[in-house]
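**Student:** sequence? don't have it. structure:
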């Protein structure tokens, strides 16, 4: 019973971290959307910037102290960046439709 | 120039959020590893728990207020959960080797 209760407590901590991750991801989405708008205003329609992505991966790899491998962290951030790019591009489409 | 500077400032904010995300993800990895150890001690070798994953997705979908779609949030968390499962399973292998 002690172990089960402790699994339950640990799962509550995971749920709490999930909520904090969602808040941070949403904030990141808002900031990235602002960057996208600024780029569009400057007439730079190509949002994908491999050098900028690579710089972010490098910094994260340097900072990562585990327990996730750097490959796992990179895979997670690739998914975050993919979602961010989709967001920038869908915002562009909305602007075209206005 | 004003727009460029503002893109620069926004990118600094993204970098700061990335670091906070890495800290939270690493903490999540530690907690999940503790859950994995508790399960192994209880003789529950199967770490993959689709019902538990589904419950997390449902909660995140309910909480999500954008700008990311719930599908994008789900894709990001799927990658986080995949990394977590790999971590639990590699910890089990290490225990077997001790």
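**Tutor:** In hand now; what should we look at? Keep in mind that this is a model prediction, so the values were computed, not measured.
**Student:** okay, now the closest residue in space to residue A:29 that isn't next to it in sequence: neighbour count?
**Tutor:** Spatial nearest neighbour of residue A:29, excluding adjacent residues (CB to CB, 6 or more residues apart in numbering or on different chains): residue B:67 at 4.3 Å. In short, each C-beta sits where N, CA and C put it, glycine included. For residue B:67, the count of nearby residues is 20 (other CB atoms under 10 Å in any protein chain shown).
**Student:** please apply the same query to residue A:94.
**Tutor:** Residues lying near residue A:94 (other CB under 10 Å) number 9.
**Student:** that one: what secondary structure?
**Tutor:** Assigned state for residue A:94: helix (three-state reduction, DSSP: H, G, I helix; E, B strand; the rest coil).
**Student:** same question for residue A:45.
**Tutor:** Of the three states, residue A:45 takes coil under three-state DSSP.
**Student:** spatially central residue in chain A, please.
**Tutor:** For chain A, the residue nearest the mean C-alpha position is residue A:80 (3.4 Å; CA atoms, centre = their mean).
**Student:** got the phi and psi for the residue nearest to residue A:29?
**Tutor:** In terms of degrees, to the nearest 10, the main-chain angles of residue B:67 are phi -80, psi -10.
**Student:** and it, what does it touch?
**Tutor:** Taking CB atoms under 8 Å, 6 or more residues apart in numbering or on different chains, we find residue B:67 in contact with A:26, A:29, A:30, A:33, A:87.
**Student:** can you pull out the helices in chain A?
**Tutor:** Assigned by DSSP state H, chain A shows helices spanning A:2-41, A:50-63, A:70-97.
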